[in-house]
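Asker: predicted model and sequence below, questions to follow.
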Amino acid sequence: MKWTTQILSWASTLIVARLLTPEDYGLFGMAMVYAGFVAPIYDLGLGAAIVQRHGVSEAPHEVARLGGLSIVYGAFFSLLSIALARPLASFYHEPQVAWIVTVLAIAFFITSFQMLPRAVLSRDLGFRKLALLDGVAALSLTVATLVLAIAGWRYRALVYGEMFSAIVTTIAAVLWARHRLALPRDLRSARTAIAFGWQVAASKIAWYVYTNADFAVVGRVLGKVALGGYTFGWTIATIPVDRVSQLVSRVMPSVLAAVRDDRDALRRYFLAISEGLAVVALPLSIGLALTADHFVLVALGERWRPAIVPLALLGVYSGYRSLATLLSPILVATRQARSNMHFTIVAALILPVLFYIGTRWGTAGVAMAWIIGFPIVSAPMYHRTMRTLGVKLGEYLRCLWPALSGTIVMAAAVVAARILGATLPLAARFAIEVAAGIVTYAAVMWGLHRARIRAFIGLVREMRR
């Protein structure tokens, strides 16, 4: 479902980019700096508490009260967002941002009704229905945004697409995973769950701060045109990796919660899933970085040239980021949510400073700050996770070797194709580079690491059972 909707979504994104302008994406990106902050925390971690069974009994009435509390949280954040809409617009000196934030705030309140159905499905390992919900969300967003963009609604197409997707997905979630809601009264028995939820929410807040500070800095310092190019470069660079990582982040917390007292199972999952992530994410990210210029000019045209350098640099960063996806779920599952919170807070303090310094070299400097800064701030999380699981550095690097070796050979093939095809038309050069990369990587993986690929497929089948 993820791959099917992603193909549609990526194709729609390219079409919409031709219909809209960098200014349209810039306005929407300014609003999403704040709106994206609310999206992961509107339930203040209650969903994570239900999934992890942390301080939550199996009693339906207690889960129902937590569901009612999540609606209260959603209403609070929606009203707060509406109140902050005008100050946010003033911050960017763009009046349209106030309207965008207001509409998105209403969408967030609608989405709050999804928390309980999604959390219960995830706790019970109901991944098939969760996949269908994600498919409905992606498909409704893609169709609505594309239709409105064709109709000439400009940046409003992006906004109303989010609203339409929220409505459709919430209706589907409530119908497919019915669960009673109750007024949030007498929550003394749920204090542990609420406290755990706050720790998870604090981690998500800090995570959001450092993962979106670059957009805020670029919009404020370099302006909306630069932000439009940077935002689109970020979107394209992280689409392949994000979709793979989302599969892991959606499934792994529930799986890890089920085996959290079995360190051997946790260790096996960490190494095998890291290997699988690398096999998929590294060639995608490095391949995109190597062909960023030809991709942008062929797919989008000359006016999107400012997105080339950020796209290339962010492609390099996204490959490493995908490997760090497992760190937080492992720490939370092993009852180290507080440590995870501390690590993300440190990152939220360091990275925005690096982004601001990077603006001296434009959007390329901001993208380079990711390449330099993120490995530094994630190193302590890697150390804690590997120490907890008893994984040595050499063992971890060996599990990454199939992907690393294949990506190195693939990169050499792409560079050779660029040199040999230098006199060909741009579209032909891009096609040859892509074909050379795919064929070379597939040949290396199947010829040298066939056993490891089969082992990973076997692990996935085991997890599905």
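Answerer: Now that the structure is in, tell me what you want to look at.
Asker: got any ranges where the stretch 351-465 of the chain has weak pLDDT?
Answerer: Within the stretch 351-465 of the chain, the stretches with pLDDT under 70 are 456, 459-465.
Asker: swap in 50 and give it another go.
Answerer: For the stretch 351-465 of the chain, no stretch is flagged by pLDDT under 50.
Asker: all strands of it, in order?
Answerer: Using DSSP state E, counting those that start in this stretch, the stretch 351-465 of the chain contains no strands.
Asker: next one: phi and psi at Thr291?
Answerer: As for Thr291, its main-chain torsions (degrees, to the nearest 10) stand at phi -110, psi 20.
Asker: tell me how many other residues crowd it.
Answerer: If you count neighbours by other C-beta atoms under 10 Å, Thr291 ends up with 22. C-betas here are computed from N, CA, C, even on glycine.
Asker: once you drop chain neighbours, what's closest to it?
Answerer: Glu433 (5.1 Å; C-beta to C-beta, 6 or more residues apart in numbering).
Asker: got the contact list for the one you found?
Answerer: 290-291, 294, 414, 417-418, 421 (C-beta atoms under 8 Å, 6 or more residues apart in numbering).
Asker: let's see if you can find the most crowded of the residues you listed.
Answerer: When neighbours are taken as other C-beta under 10 Å, the top entry among the contacts of Glu433 is Val414 (25 neighbours).
Asker: can you give me every residue that contacts it?
Answerer: Neighbouring residues of Val414 by C-beta under 8 Å, 6+ apart: 287, 290-291, 433, 436-437, 440.
Asker: and what of Ala299?
Answerer: Leu14.
Asker: please apply the same query to the one 4 residues further on.
Answerer: Applying C-beta under 8 Å, 6+ apart, one finds that Arg303 lies in contact with 21-22.
Asker: how close does it sit to Gly315?
Answerer: Arg303 is 21 Å from Gly315, where distance means C-beta to C-beta, to the nearest Å.
Asker: separation between Leu331 and Met252?
Answerer: Computed as C-beta to C-beta, the Leu331 to Met252 distance reads 12 Å.
Asker: okay, now the unreliable bits of the protein?
Answerer: Scanning the chain for pLDDT under 50 picks out no residues.
Asker: and the longest helix for it?
Answerer: Taking DSSP state H as the criterion, the chain has its longest helix at helix 224-258.
Asker: can you report how many residues neighbour Ala367?
Answerer: Ala367: 27 neighbours (other C-beta under 10 Å).
Asker: and what of the one 5 residues further on?
Answerer: By the criterion of other C-beta under 10 Å, Ile372 has 12 neighbours.
Asker: ok, for it, nearest residue in space, not its chain neighbours?
Answerer: According to C-beta to C-beta, 6+ apart, the nearest residue to Ile372 is Leu354 (7.0 Å).
Asker: what sits against Trp207?
Answerer: 40, 328, 344, 347-348.
Asker: make a markdown table from the contacts of Val414 and add distance to Ala258 to it.
Answerer: As requested, these are exported to a markdown table (distance: C-beta to C-beta, whole Å):
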| residue | distance to Ala258 |
| --- | --- |
| Gly287 | 35 |
| Leu290 | 40 |
| Thr291 | 41 |
| Glu433 | 43 |
| Ala436 | 43 |
| Gly437 | 38 |
| Thr440 | 39 |
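Asker: closest to Ala281 among these?
Answerer: Nearest to Ala281 among those is Gly287, at 10.7 Å by C-beta to C-beta.
Asker: packing partners of the helix or strand that contains the closest one?
Answerer: Gly287 belongs to helix 263-290 when elements are defined using DSSP states H and E. Packing partners of helix 263-290 (3 or more C-beta pairs under 8 Å, 6 or more residues apart in numbering; DSSP states H and E): helix 224-258, helix 308-323, helix 327-333, helix 362-389, helix 393-420, helix 426-448, helix 450-464.
Asker: can you put these in JSON lines and add distance to Ala31?
Answerer: Shown next, in JSON lines, are the helices and strands packed on helix 263-290 (distance: least, C-beta to C-beta, whole Å):
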{"stretch": "helix 224-258", "distance to Ala31": "11"}
{"stretch": "helix 308-323", "distance to Ala31": "20"}
{"stretch": "helix 327-333", "distance to Ala31": "26"}
{"stretch": "helix 362-389", "distance to Ala31": "19"}
{"stretch": "helix 393-420", "distance to Ala31": "36"}
{"stretch": "helix 426-448", "distance to Ala31": "33"}
{"stretch": "helix 450-464", "distance to Ala31": "38"}
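Asker: and Ala151, which of those is closest to it?
Answerer: Here helix 224-258 is closest among the helices and strands packed on helix 263-290 (C-beta to C-beta), at 20.8 Å.
Asker: distance check, Leu146 against Ala292.
Answerer: 24 Å.
Asker: likewise Ala403?
Answerer: Taking C-beta to C-beta as the measure, Ala403 and Ala292 are separated by 20 Å.
Asker: more crowded one of the two?
Answerer: Of the pair Ala403 and Ala292, Ala403 is the one with more neighbours under other C-beta under 10 Å, namely 27 against 22.
Asker: now the more buried one: closest residue in space that isn't a chain neighbour?
Answerer: For Ala403, the closest residue by C-beta to C-beta, 6+ apart turns out to be Ala278, at 3.5 Å.
Asker: wait, what's in contact with the one you found?
Answerer: By C-beta under 8 Å, 6+ apart, the residues touching Ala278 are 322-323, 399-400, 402-404.
Asker: show the buried residues in these.
Answerer: Neighbour counting by 16 or more other C-beta atoms under 10 Å classes 322-323, 399-400, 402-403 among these as buried.
Asker: Asp262 - how many residues pack around it?
Answerer: Neighbour count for Asp262, taken as other C-beta under 10 Å: 12.
Asker: report the buried residues of the helix holding Gly287.
Answerer: Applying 16+ other C-beta under 10 Å to helix 263-290 flags 266-267, 269-290 as buried.
Asker: and what of stretch 251-265?
Answerer: 251-257, 260.
Asker: now swap in stretch 24-42 and tell me
Answerer: Buried, per 16+ other C-beta under 10 Å, within stretch 24-42: 24-35, 37-42.
Asker: from those, which land in helices?
Answerer: Secondary structure from DSSP H places 24-35, 37-38 of these in helices.
Asker: from these, which is closest to Ser339?
Answerer: Of all those, Phe37 has the smallest distance to Ser339: 22.6 Å, by C-beta to C-beta.
Asker: list the contacts for the closest one?
Answerer: Applying C-beta under 8 Å, 6+ apart, the residues near Phe37 are 205, 208-209, 212.
Asker: can I get those residues in TSV including distance to Ala367 and neighbour count?
Answerer: Output for the contacts of Phe37, formatted as TSV (distance: C-beta to C-beta, whole Å; neighbours: other C-beta atoms under 10 Å):
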residue	distance to Ala367	neighbour count
Ile205	24	18
Tyr208	19	20
Val209	18	18
Asn212	14	18
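Asker: make a markdown table out of those residues and add distance to Pro310 and secondary structure.
Answerer: Converted to a markdown table, these look like this (distance: C-beta to C-beta, whole Å; DSSP: H, G, I helix; E, B strand; the rest coil):
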| residue | distance to Pro310 | secondary structure |
| --- | --- | --- |
| Ile205 | 25 | helix |
| Tyr208 | 20 | helix |
| Val209 | 20 | helix |
| Asn212 | 15 | helix |
